[in-house]
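A.B. asks: give me a model of this one.
(chains A and B)
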Number of protein chains: 2
Amino acid sequence: MHEVISFIEAHRARYVEELSEYLAIPSVSALPEHAHDMRLCAEWTAEAMRRAGLQNVRLFETGGNPIVYGDWLGAPHKPTVLCYGHYDVQPADPLDLWTSPPFTASVRDERIYARGASDDKGQIFMHFKAVEAHLMGSGCLPVNLKVIVEGEEEVGGKHLEEFVRGNKQLLAAEAAVISDTAMFDRGVPSICCGTRGLSYFQIELRGTATDLHSGSFGGVVANPGFVLAQILAKMKGEDGYIAIPGFYRNVRPISAEERMDFERLPFDSERYREELGAPQLFGEAGFTALERLWARPTFDVNGLSAGFTGVGLKTVIPAVAMAKVSMRLVPDQDPSEVEGLFESYLNEIAPNTVDVRITLRHGAKPWAADVTHPFMRAAMRAMQLGFGAQPVFAREGGSNPILATFEDVLGLPIIMFGVGLPDDNTHAANEKLDLSNFHNGVVAAAHLYDEIGKTR
Amino acid sequence: MHEVISFIEAHRARYVEELSEYLAIPSVSALPEHAHDMRLCAEWTAEAMRRAGLQNVRLFETGGNPIVYGDWLGAPHKPTVLCYGHYDVQPADPLDLWTSPPFTASVRDERIYARGASDDKGQIFMHFKAVEAHLMGSGCLPVNLKVIVEGEEEVGGKHLEEFVRGNKQLLAAEAAVISDTAMFDRGVPSICCGTRGLSYFQIELRGTATDLHSGSFGGVVANPGFVLAQILAKMKGEDGYIAIPGFYRNVRPISAEERMDFERLPFDSERYREELGAPQLFGEAGFTALERLWARPTFDVNGLSAGFTGVGLKTVIPAVAMAKVSMRLVPDQDPSEVEGLFESYLNEIAPNTVDVRITLRHGAKPWAADVTHPFMRAAMRAMQLGFGAQPVFAREGGSNPILATFEDVLGLPIIMFGVGLPDDNTHAANEKLDLSNFHNGVVAAAHLYDEIGKTR
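C.D. replies: Predicted coordinates for the structure are as follows:
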């Protein structure tokens, strides 16, 4: 590894120049006017993979943006790793909140600012540089490697799943590595070992054919805005416990070991509360904040609308009231089971004074890693070597449908090898990546392949 | 009265022509681009009053649209009546819902369609024609009459109150007559003897400084959308009883006589439910629909907003949730007392996980007529004579701040002498006035002055 690390140290400045070029392509998948940029960016990605020494690099056409594939399969007796990333980025709006233009990388205070710096161009590019360092420094990789970089992660990644389902042989591997998340905190490298699932609904309550004058009709009909409040209030108790019958049936209890792991993490709840600007933190009674965030399900209102919401007053009984609500799920909850429980309960508690319609349903599975897997241990050692600090196992409160794709379709254990930081402003203005995290990440990724290689 | 009624019968066709001219002026007080039309309409009103034979007709300038005044004071020993109406109208949007243009009166099926036909040009014009018939038919009026027609009723009528406060001597009278409402039903003339008051609030709950990702933060902070639902659900029970402590303290019980009066009215609740398109009627347990509408207070949600309300799903914990809520009040509730009760209760039940702000407060007093007043009896006889049917005492569920102005500032009993119909589409597309109601209304108004005159 000595040559590999020396190679990386010697090329730091060039990496930043190349990454800046990558970040300059406005590959915004959500906006049709960037269709040409998407292809440019896919081609740039392919070229970067070739320059890193990957072979068989090609673009796979999909119904949407192309998927870039490349591999290096010169280590016959070693494990095969599938590395995933995405070259598309979030829209940059609102532009006026950016200190420097989103598609002109700007280095300030040892951070590189641009849309995609952390999510995910910087993190996938880190793997290209780790591969290059191995192939240029030692002439080979310590594992067999397959790399896929998609262009639709920020818009739901529908074509990726199709591609994976249709190319199981091509993508066959022993583990997937995904670098598309943040580590626990600055100076605290982490491997993400769980994400929550999701059960999302839009419900509409209709009381009358049209909005009514609340003076002329107040007192004779149910008010769907009020009935909505009554229904929502019955979904969760004052103690934060979700009241949907059967909801907790398959919630995996937090083990004593996990509790201790969580407690050991440096988490300052007062600082956290202040950063969020909340008068008080709040959650299910009997659990710590991190437990509630990572290992307990939630019920949240994501949107509400009814009646008159403009300036001033309008005395109206809304004809319709709408809520978007969602539940975060934890292992071993199943979104389709939760959907059934939610809908039964909703129908049970809704009064017959309103018509109830569910107009949107969306589900995503929760995911949990096997932290005892030898590759997970290898990943922990690589993080330690790259960042010079003891890594921790952390989790994500959010959901990631790609995990289910790799786990269910390809049957792969997943290594969430994220080197972003919680303050990277992904999906917001002034997205950035700390250059120390990028450089340490290249070193850590180089070690990751080495450590996984050593397991056989 | 014979000459008076004959005169009215002889001029029916001309009345409709003149009214059509009045309705053609787009006097929309809410829209600044109609400022010139407002003045035109005030001048047209003044000219119509002069043509009817009223004297001292003049425009009073206000900070907004002028108020038109005229009088006839030639009956020294008779009562003095103040007749009120408004020449401004609601906006006509959305135009595409109108069968004929809103500012070109169109007579179809013995109804005159135009914005303002019922609310209120048709009804104040009815009084002009009753006055004209007396003065042309018999040379004098059976009462002293003062008429004011304002141009800001549809935008809050702020300048009217100023004008009334500043001109108490000019407006001194023994009763106010207002024709700006509907009668109970087609063929069921009525005198409105009560309106409800109003207590209206906008509340905002803030949980955090910004919207948060519901995956990354779900479980650690209170969701203001959910807390709003919890708070609203505590305002009213499942039985429709309002839970604000002390709220019912000053609610005047419905007397046995009033109950019987209400029961006698032709009210088909199944037809009513169908017309509203409601799966079920609903209201406070233990009261009939009319009792709940006219003599019991309400708590309604008028508007809700929080988080993401567009198409699709966004996994957000809203920073802020907003509700507009209002209570209809009945005698002897006082809006300022109710405001205090509401705010205390809100502060009591709001958890300390959110910041609560009340960003709008508005109150209006309930009103109840003394149905034994001799002028009220006179009004009932006039309705009977005009419509050839037994009139009833009815109420309005809505609020009317003008009543408080006349009652509190001028100390006048008020006669609500409305001849519109519940299906007149005031404030909606295809506003109309039944021509039979208009003609019977002119006759009834002529009798009203006669019957009031006879009381002395």
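
A.B. asks: roughly how far apart are A:Gly283 and A:Arg296?
C.D. replies: 8 Å (C-beta to C-beta, to the nearest Å). C-betas here are computed from N, CA, C, even on glycine.

A.B. asks: can you pick out the residue with more neighbours from the two?
C.D. replies: A:Arg296 (25 against 21; other C-beta atoms under 10 Å in any protein chain shown).

A.B. asks: isn't that one right up against A:Val251?
C.D. replies: Yes. Contact criterion C-beta atoms under 8 Å: A:Arg296 and A:Val251 qualify, at 7.4 Å.

A.B. asks: shared neighbours of these two, which are they?
C.D. replies: Listed contacts common to A:Arg296 and A:Val251 are A:Val330; contacts here mean C-beta atoms under 8 Å, 6 or more residues apart in numbering or on different chains.

A.B. asks: just how off-centre is stretch A:146-166 within its chain?
C.D. replies: Stretch A:146-166 has its C-alpha centroid displaced from the chain centroid by 14 Å (C-alpha atoms, centre = their mean, to the nearest Å).

A.B. asks: is chain B within reach of it?
C.D. replies: No. Against chain B, stretch A:146-166 shows no contacts by C-beta under 8 Å from any C-beta of the partner chain, the least distance being 10.0 Å.

A.B. asks: enumerate the positions of that stretch that are buried.
C.D. replies: Neighbour-count burial for stretch A:146-166 flags A:146-155, A:157, A:159-161, A:163-164 (criterion: 16 or more other C-beta atoms under 10 Å in any protein chain shown).

A.B. asks: and if you look at stretch A:338-349?
C.D. replies: By neighbour count with 16+ other C-beta under 10 Å, stretch A:338-349 contains the buried residues A:Val338, A:Glu339, A:Leu341, A:Phe342, A:Glu343, A:Tyr345, A:Leu346, A:Ile349.

A.B. asks: the third one: what's it in contact with?
C.D. replies: Read that as A:Leu341. A:Ile244, A:Pro245, A:Gly246, A:Phe247 are the contacts of A:Leu341 under C-beta under 8 Å, 6+ apart.

A.B. asks: out of those residues, which are buried?
C.D. replies: Counted by 16+ other C-beta under 10 Å, the contacts of A:Leu341 give A:Ile244, A:Phe247 as buried.

A.B. asks: hang on, the earlier thing: show me which of the buried residues of stretch A:338-349 is closest to chain B.
C.D. replies: When the buried residues of stretch A:338-349 are compared for distance to chain B (C-beta to the nearest C-beta), A:Ile349 wins out at 10.4 Å.

A.B. asks: that closest one reaches A:Leu232, doesn't it?
C.D. replies: No. Applying C-beta under 8 Å as the test, A:Ile349 and A:Leu232 come out as separate, 10.0 Å apart.

A.B. asks: name the SS class of the residue lying closest to A:Gly398 once chain neighbours are set aside, please.
C.D. replies: Closest residue in space to A:Gly398, ignoring its immediate chain neighbours: B:Gly215 at 2.6 Å, by C-beta to C-beta, 6 or more residues apart in numbering or on different chains. Classification of B:Gly215 using DSSP: H, G, I helix; E, B strand; the rest coil returns helix.

A.B. asks: and A:Lys78, how far from A:Glu451?
C.D. replies: The value you get for A:Lys78 to A:Glu451, if C-beta to C-beta is used, is 12 Å.

A.B. asks: between the two, who's got more neighbours?
C.D. replies: Ranked by neighbour count (other C-beta under 10 Å), A:Lys78 and A:Glu451 place A:Glu451 first, with 24 against 21.

A.B. asks: can you give me the buried ones in the host helix or strand of that one?
C.D. replies: According to DSSP states H and E, A:Glu451 maps onto helix A:435-454. Residues A:435, A:437-453 are the ones in helix A:435-454 that count as buried (16+ other C-beta under 10 Å).

A.B. asks: just name the shakiest helix or strand of chain A by mean pLDDT.
C.D. replies: Here the helix or strand of chain A ranked lowest by mean pLDDT, DSSP states H and E is helix A:401-404, holding a mean of 86.

A.B. asks: and that one, does that touch chain B?
C.D. replies: No. Using C-beta under 8 Å from any C-beta, helix A:401-404 stays clear of chain B, with a minimum separation of 11.9 Å.

A.B. asks: can I assume A:Val301 sits in a strand?
C.D. replies: Yes. With three-state DSSP as the criterion, A:Val301 is part of a strand.

A.B. asks: now do the contacts for it.
C.D. replies: Counting by C-beta under 8 Å, 6+ apart, A:Val301 makes contact with A:Leu232, A:Ala323, A:Lys324, A:Val325, B:Asn223, B:Gly225, B:Phe226, B:Ala229, B:Ala306, B:Gly307, B:Pro318, B:Ala321.

A.B. asks: go again with 7 Å.
C.D. replies: Contacts here follow C-beta atoms under 7 Å, 6 or more residues apart in numbering or on different chains; on that basis A:Val301 touches A:Leu232, A:Ala323, A:Val325, B:Asn223, B:Gly225, B:Phe226, B:Ala229, B:Ala306, B:Gly307.

A.B. asks: look up the closest residue to it, ignoring the ones flanking it.
C.D. replies: In this structure, A:Val301 finds its nearest non-sequential neighbour in B:Gly225, 3.2 Å apart by C-beta to C-beta, 6+ apart.

A.B. asks: next one: the helix or strand just after the least confident helix or strand of chain A to chain centre, how far?
C.D. replies: Using DSSP H and E, the helix or strand that directly follows helix A:401-404 along the chain is helix A:410. For helix A:410, the distance from its own C-alpha centre to the chain's C-alpha centre is 19 Å (C-alpha atoms, centre = their mean).

A.B. asks: any idea how far A:Thr359 is from B:Ala389?
C.D. replies: For A:Thr359 relative to B:Ala389 (C-beta to C-beta), the value is 48 Å.

A.B. asks: those two: which is more packed in?
C.D. replies: Higher neighbour count among A:Thr359 and B:Ala389: B:Ala389, with 13 against 10, using other C-beta under 10 Å.

A.B. asks: against B:Glu152, how distant is A:Ile124?
C.D. replies: To B:Glu152, A:Ile124 is 64 Å away according to C-beta to C-beta.

A.B. asks: again but with A:Ala382, I slipped
C.D. replies: Going from A:Ala382 to B:Glu152 by C-beta to C-beta gives 75 Å.

A.B. asks: sorry, back to before: and the buried residues of stretch A:338-349 as CSV, adding secondary structure?
C.D. replies: Output for the buried residues of stretch A:338-349, formatted as CSV (three-state DSSP):
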residue, secondary structure
A:Val338, helix
A:Glu339, helix
A:Leu341, helix
A:Phe342, helix
A:Glu343, helix
A:Tyr345, helix
A:Leu346, helix
A:Ile349, helix
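
A.B. asks: dump those residues into a markdown table; add pLDDT as well.
C.D. replies: A markdown table is the format used below for the buried residues of stretch A:338-349 (pLDDT from 0 to 100):
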| residue | pLDDT |
| --- | --- |
| A:Val338 | 98 |
| A:Glu339 | 97 |
| A:Leu341 | 98 |
| A:Phe342 | 98 |
| A:Glu343 | 98 |
| A:Tyr345 | 98 |
| A:Leu346 | 98 |
| A:Ile349 | 98 |
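
A.B. asks: the least confident helix or strand of chain A packs against which elements?
C.D. replies: Under the contact criterion of 3 or more C-beta pairs under 7 Å, 6 or more residues apart in numbering or on different chains; DSSP states H and E, helix A:401-404 touches no helix or strand at all.

A.B. asks: and A:Glu257, how many neighbours?
C.D. replies: Counted with other C-beta under 10 Å, A:Glu257 comes out at 9.

A.B. asks: may I have the residues that are in contact with it?
C.D. replies: Listed by C-beta under 7 Å, 6+ apart, the contact set of A:Glu257 is empty.

A.B. asks: one more time with 10 Å
C.D. replies: Shown in contact with A:Glu257 (C-beta atoms under 10 Å, 6 or more residues apart in numbering or on different chains): A:Val371.
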